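*Asks:* Sequence below, structure please.
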Amino acid sequence: MWNSVLFVFLGLVAGILGGLVGIGGGVIIVPALVFLFGFSQQQAQGTTLALMVPPIGILAAWTYYKMGFVDLVAAGLICVGFVAGSFFGARIATSLPSQQVERLFGVVLFIISMKMILAK
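*Replies:* You can find the predicted model right below:
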């Protein structure tokens, strides 16, 4: 139950950032699934592709699914949060000056890159 709430929250955060600065699955969800939920890199990638299947990633997601690297429950729950989050993120982004959105995008990418570089 608790993981279900956290998966929806992850989708919400990724959706907000996706709507706000145009990033999502590969930049937000994959690292979060690896570092916060203990997924393997392949399982995180496969699960992220599964939640983005329509219209992209269906063949890649299917390949990961056949190998056992897709958590369909996690993908579905993250989708719920992502849909709502992307709406709110887009509303915020369109109300901000372009320079602020560019800086926010850079900060988000920097934080994620440092986490990935310094991972053990």
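
*Asks:* Contacts for stretch 14-28 next, please.
*Replies:* 10, 13, 29, 32, 48-49, 51-52, 78, 81-93, 101, 104-105, 108-109, 112 (CB atoms under 8 Å, 6 or more residues apart in numbering). The way it works is simple: take the backbone N, C-alpha and C, and place the C-beta from them, glycine included.

*Asks:* now the end-to-end length of that stretch.
*Replies:* Criterion CA to CA, to the nearest Å; first-to-last residue distance in stretch 14-28 is 6 Å.

*Asks:* What of stretch 33-49?
*Replies:* End-to-end distance (CA to CA), stretch 33-49: 13 Å.

*Asks:* what's the model's confidence in it, averaged?
*Replies:* The average pLDDT within stretch 33-49 is 87.

*Asks:* that older thread, which PyMOL command selects the buried ones in the contacts of stretch 14-28?
*Replies:* PyMOL command restricting the contacts of stretch 14-28 to the buried ones, with burial defined by 16 or more other CB atoms under 10 Å:
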select buried, resi 10+13+29+32+48+49+51+52+78+81+82+84+85+86+89+90+93+101+104+105+108+112
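
*Asks:* mind listing what the residue nearest the centre of the chain touches?
*Replies:* Centroid-nearest residue in the chain: I29, 2.7 Å away (criterion: CA atoms, centre = their mean). Applying CB under 8 Å, 6+ apart, we find I29 in contact with 10-11, 14, 44, 47-48, 51, 78.
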